[in-house]
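A.B. asks: Got a predicted model here, sequence first, then my questions.
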Amino acid sequence: MLEIISSLVYSNEIITWIFFIFIYFLSGFLLKYIDSAFDDHLFNKKKAFGLAVILACIASIAMIISTTTTIVFFALILSLIIAKKVDNIAFILGAFFCFLLFFILGGTITPILNNVNIFVILFLATLLEEKVDYKKGIFMKKKLGKKIRFLFEYGFMLKLSAIIAFIFLSFQPLFCISLIVFDFAYDAMLCISYKTKRKKSK
């Protein structure tokens, strides 16, 4: 089954680009949806839990057929775990199931070991973005502080790390763009969450 999926994905360059850009977009969008459902109680939790399982399956399959996606998703998931952002039942089981399915299907961390530089920069960027407390402090209320707060809140570090990895570390352009799309999709869901929260508060 995986061989069929892989052969279809890589049968044409346009299909390859569409597939991975869509997968990364869907991952970013669903990740924030699940987060908003459990942390902010904005969406249906049962639906979010089901989507977490689906996302775990999609992510593990994408990692199996793409070594670059193995590097990217491992960096993202592990940084979120260390930052203690995997903090609800859907995220915990989703992350566990994703890794479990990945290794059951024959996945290995060899791509990460062969590309430690790319893994580290993506991992640290995500970790920094999650750990920086950009909402507190007098400085953040000032003009420059508000700009810095905006950059952290809307995924500046992850986008920047993808571009740096592309320019200096031979990060493939397809996955550089896909990772930026992932972050924009997350931001889009973040905006939808804000709007939903405002409507519910009225």
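C.D. replies: Looks like it came in fine.
A.B. asks: rest of the way, CA atoms for contacts and neighbours
C.D. replies: Noted.
A.B. asks: Quickly note the distance from Ser6 to Ile23.
C.D. replies: Using CA to CA, to the nearest Å, Ser6 is found at 14 Å from Ile23.
A.B. asks: Those two: which has the busier surroundings?
C.D. replies: Ile23 (19 against 16; other CA atoms under 10 Å).
A.B. asks: For that one, give me its contacts.
C.D. replies: By CA atoms under 8 Å, 6 or more residues apart in numbering, the contact set of Ile23 is Ile58, Ala62.
A.B. asks: Name the helix or strand for it, please.
C.D. replies: Using DSSP states H and E, Ile23 maps to helix 13-39.
A.B. asks: Average pLDDT for that helix, rounded please.
C.D. replies: Average pLDDT, helix 13-39: 94.
A.B. asks: ok, and what's touching stretch 24-40?
C.D. replies: Counting by CA under 8 Å, 6+ apart, 42-45, 48-49, 51-52, 55, 59, 88, 90-91, 178-179, 181-190, 193 sit against stretch 24-40.
A.B. asks: From the centroid of this structure, which residue is nearest?
C.D. replies: Closest to where the C-alpha atoms of the chain average out (CA atoms, centre = their mean) is Gly28, at 5.1 Å.
A.B. asks: about what we covered before: quick one, which of the contacts of stretch 24-40 are buried?
C.D. replies: 42-43, 45, 48-49, 51-52, 55, 59, 90-91, 178-179, 181-190, 193 (16 or more other CA atoms under 10 Å).
A.B. asks: that older thread, from the chain's centroid, how far away is the helix holding Ile23?
C.D. replies: In terms of CA atoms, centre = their mean, to the nearest Å, the centre of helix 13-39 is found 8 Å from the chain centre.
A.B. asks: Residue numbering should commence at 56 henceforth.
C.D. replies: Done: numbering now begins at 56, and the last item shifts to helix 68-94.
A.B. asks: Now do the buried residues in that helix.
C.D. replies: Using 16+ other CA under 10 Å as the test for burial, helix 68-94 gives 71-72, 74-76, 78-93.
A.B. asks: and after it, which helix or strand comes next?
C.D. replies: Counting by DSSP H and E, the next helix or strand C-terminal to helix 68-94 is helix 100-120.
A.B. asks: by contact count, what packs against that following helix?
C.D. replies: The contact analysis (3 or more CA pairs under 8 Å, 6 or more residues apart in numbering; DSSP states H and E) places helix 100-120 against helix 57-64, helix 68-94, helix 122-137, helix 144-159.
A.B. asks: which other residues reach it?
C.D. replies: Contacts with helix 100-120, where a contact means CA under 8 Å, 6+ apart, come from 57, 61, 78, 82, 85-86, 88-89, 92-93, 124-125, 128, 145-146, 148-150, 152-154, 156-157, 160-162.
A.B. asks: Sounds good, over and out.
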